[in-house]
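[1] Give me a model of this one.
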Amino acid sequence: MVKRSVSDSSAGAVLPSPELGHAPVLDLMCSHFVFTLAAHQGPKFNVRRDLNSLMSLAGRHLVWPAPVLDRLRAFLARRCKDNELWRGHEALSARAFLERHGAWRGPYEEGTLFFYLDEYAKDAPRDLLAVLAAPLPNTGETGLARLLAAAQATSYRVQATGSPFASKDALRARGYRWDAERKVWHTQVGNPAALEAECEWLKKDVYGGRSARIDIERQTALERFSSRAGECLQRDL
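    Residues are numbered from 1 along each chain as shown. Next comes the predicted model:
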């Protein structure tokens, strides 16, 4: 029996996928949305049936509980015993194993664990659900709990309606983006307090203290990650 290193694998540890640490924010947001939708399925989510679709969308951003990864590696040691692509994997540390075999390169790349994940899920569906519910590093909060909270949270798309042309540099410096179709500068804020602060800044630094009426779109995750429009509001400054 081949012994492998478990020096960085303990019962409470979680190990991120290789691409997670440097993933673009937009990619992470998309993966978060996908996991949120899966969580909302509850008992309707079938790990065996839906796994490949889920992985193709968000497989590069998984967080692996160490015990689950250990059991998956034990399965792979048996399953890939005579496979040249997997030679020596048993001796790798958990992190080195993920660097070598845990990067998402599609469901049909035989040298990655994703090629065999569907087969593993047939006998261990709870392990795959545990991956979705793994606690995030440094927080103790589960990934799904954070995703569900984010999905339920409301954000606001603030439009600097009718802003003076001379204010464009100030708006750009504050992070506003130009919407060429609507011909308006806009930004996103995450909560009511931030919305109030943004309105105060607009009145003082963009509209010069004069009265103005701006457009605000209240959004949930369903609108933020789709082409749907949120609730449209108008705000007098």
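
[2] how close does residue 15 sit to residue 62?
    Going from residue 15 to residue 62 by CB to CB, to the nearest Å gives 9 Å. Using the backbone N, CA and C atoms, a C-beta is placed for each residue, glycine as well.

[3] who has more neighbours, these two?
    Per other CB atoms under 10 Å, whichever of residue 15 and residue 62 has more neighbours is residue 62, with 27 against 23.

[4] mind checking pLDDT for that one?
    Note for residue 62: predicted pLDDT of 81.

[5] now the strands: where do they sit in the chain?
    For the chain, applying DSSP state E gives strands covering 14-16, 63-65, 155-159, 177-179, 184-189, 213-219, 231-236.

[6] got the angle for the last one vs strand 213-219?
    Angular relation of strand 231-236 and strand 213-219 on a 0 to 180 degree scale: 150 degrees, by axes from the mean of the first three to the mean of the last three CA atoms, to 10 degrees.

[7] Just want the angle from strand 231-236 to strand 155-159.
    Using the same axes, to 10 degrees, strand 231-236 lies at 50 degrees relative to strand 155-159.

[8] Residue 184 and residue 161 touch, don't they?
    Yes. With contacts counted by CB atoms under 8 Å, residue 184 reaches residue 161, the gap being 6.0 Å.

[9] Residue 82: how many residues sit nearby?
    Close neighbours of residue 82, defined as other CB under 10 Å, add up to 7.

[10] CA atoms only for stretch 57-71, dumped as PDB, please.
    This file holds the C-alpha atoms of stretch 57-71, laid out as PDB (Å, rounded to 0.1, in the frame of the first residue of the first chain):
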ATOM      1  CA  LEU A  57     -19.900  26.400 -15.000                       C
ATOM      2  CA  ALA A  58     -18.100  26.600 -11.700                       C
ATOM      3  CA  GLY A  59     -15.700  23.700 -11.200                       C
ATOM      4  CA  ARG A  60     -12.600  25.900 -11.200                       C
ATOM      5  CA  HIS A  61     -13.800  27.600  -8.000                       C
ATOM      6  CA  LEU A  62     -14.400  24.700  -5.600                       C
ATOM      7  CA  VAL A  63     -13.200  24.600  -2.000                       C
ATOM      8  CA  TRP A  64     -12.400  21.000  -0.900                       C
ATOM      9  CA  PRO A  65     -12.900  19.800   2.700                       C
ATOM     10  CA  ALA A  66      -9.800  17.700   3.500                       C
ATOM     11  CA  PRO A  67     -11.700  14.500   4.500                       C
ATOM     12  CA  VAL A  68     -13.600  14.600   1.300                       C
ATOM     13  CA  LEU A  69     -10.500  15.000  -0.700                       C
ATOM     14  CA  ASP A  70      -8.800  12.200   1.200                       C
ATOM     15  CA  ARG A  71     -11.700   9.800   0.300                       C
END
